[in-house]
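pasting the structure only:
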């Protein structure tokens, strides 16, 4: 895993954990029945200042920042990321995780804002003298943790690269083994073969059978054999 992925996942996780911690603290510091001052003559309820109101607002801001960072790093929940980034299966799973992460984050923010409204320090009419039910901030904290985990998972899946060509499974030759195969030139390269050189042969005119070599040359007359002289010896 790349160092950038680890760093960004740690940053997003830090925002999510901080939001959850503030939610758990707000659960313990929220207003109770004993904290609300009821004025029966004016039919009003006075909600005093408390830390749960501020903590819940900070928790909402931290959770929103973490979600925005993870979504932008993942390419707008996978919609703006090029197709050659992650594989198709991881891309679909990453988009689903990103959508679920935002749904969980919105639910957690709704619980936080509900707690902030019922712990806001101001005076309300007597008919609105209510307190926040137990467990509202706790649920918001747990859901914010789930949203953070889903956001990190979506970022990691959408950040991955598509697998390259399948590596060859043929065994590699040993390092010290001698290469017994002759050097064969690549098929794509043309090998220049020198043309054979033959010695030049003198050419003679072709004559027909029985034709003299030089038809214009006069043949010398044949010498007639002299008649035999008979010598008669007496």
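That came through, no problem. Here the structure is a predicted model, which is why all the values come from computation and not from measurement.

contacting residues around residue 134?
Residue 134 makes contact with residue 27 under the criterion CB atoms under 8 Å, 6 or more residues apart in numbering. C-betas here are computed from N, CA, C, even on glycine.

quick check: it vs residue 114, distance?
From residue 134 over to residue 114 the distance is 13 Å, taken as CB to CB, to the nearest Å.

ok, residue 155 next?
Going from residue 155 to residue 114 by CB to CB gives 29 Å.

between these two, which has more neighbouring residues?
Neighbour count, other CB atoms under 10 Å: between residue 155 and residue 114, residue 155 has more, with 27 against 16.

give me the pLDDT for the more buried one.
What the model reports for residue 155 is a pLDDT of 88.

that one: what's it in contact with?
Going by CB under 8 Å, 6+ apart, residue 155 touches 5, 8-9, 12, 70, 73-74, 94.

try 10 Å this time
5, 8-9, 12, 69-75, 77-78, 94, 97-98, 101 (CB atoms under 10 Å, 6 or more residues apart in numbering).

give the buried subset of these as a ChimeraX selection command.
Buried subset of the contacts of residue 155, written as a ChimeraX selection, criterion 16 or more other CB atoms under 10 Å:
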select :8,9,12,69,70,71,73,74,75,77,78,94,97,98,101
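
so which of the contacts of residue 155 belong to helices?
If you go by DSSP state H, the contacts of residue 155 have 5, 8-9, 12, 69-73, 94, 97-98, 101 in helices.

among those residues, pick out the one closest to residue 57, please.
Within these, the smallest distance to residue 57 is 19.2 Å, found for residue 69 (CB to CB).

contacting residues for the nearest residue to the closest one once chain neighbours are set aside?
Ranked by CB to CB, 6 or more residues apart in numbering and with sequence neighbours excluded, the top spatial neighbour of residue 69 is residue 12, at 5.6 Å. By CB under 10 Å, 6+ apart, the contact list for residue 12 reads 65-71, 73, 148-149, 151-152, 155.

got it, and residue 46?
By CB under 10 Å, 6+ apart, the contact list for residue 46 reads 35-39, 121-124, 129.

for it, list each beta-bridge partner.
Taking DSSP bridges as the rule, residue 46 bridges to residue 37, residue 123.
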